[in-house]
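# return atomic coordinates for the entry below.
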Amino acid sequence: MFNYMWTLPPIDEFSDLIIVDGSTRDNVISNMPEVERTNNVYKMYIPYDNFIVPVYLCKADNNGTVYLFSDYDVFGYLIKNVKEDK
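A predicted model of the protein is given here:
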């Protein structure tokens with residue numbers, strides 16, 4: 001079980017992300033609120049506080065909604081802490 005889940009509109013290109021397998025993949029798929037399109041789970045890293053943390057992505061078999069899972073509120077952190085250059 002992950003602490004946070006987000007959704008994104010369809011993404012069709014995952015070539016630069018890490019493919020996850022084993023128990024982590026099974027954990028992500030078991031947390032999907034919809035049937036996944038394939039058994040593929042991807043991982044990327046996002047800054048959180050003073051380190052980077054993994055965020056896992058899986059595409060649903062509906063219209064392609066992408067679900068993201070993490071144990072950290074990385075998007076809340078980024079919204080609060082990213083400053084615009086002027």
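# tell me where this protein has strands.
According to DSSP state E, the chain carries its strands in the segments 4-8, 18-20, 41-48, 51-59, 66-70.
# give me whichever of those strands is most buried.
Ranked by mean neighbour count under mean count of other Cβ atoms under 10 Å, these are led by strand 66-70, which reaches a mean of 20. C-beta coordinates here come from the backbone N, C-alpha and C atoms, glycine included.
# that one pairs with which strands, parallel or anti?
The pairing partners recorded for strand 66-70 under DSSP bridges are strand 4-8 (antiparallel), strand 51-59 (antiparallel).
# pLDDT below threshold where in the chain?
Within the chain, the set of residues satisfying pLDDT under 70 comprises 85-86.
# which residue would you name as the spatial centre of it?
The centroid of the chain falls nearest to residue 68 when counting by Cα atoms, centre = their mean (2.8 Å).
# might you report the residue contacts of it?
5, 6, 7, 8, 55, 56, 57 (Cβ atoms under 8 Å, 6 or more residues apart in numbering).
# for the last one, which residues make a bridge with it?
In this case it means residue 57. Beta bridges link residue 57 to residue 42, residue 68 when assigned by DSSP bridges.
# distance of it from residue 83?
26 Å (Cβ to Cβ, to the nearest Å).
# tally of neighbours for residue 10?
Residues lying near residue 10 (other Cβ atoms under 10 Å) number 12.
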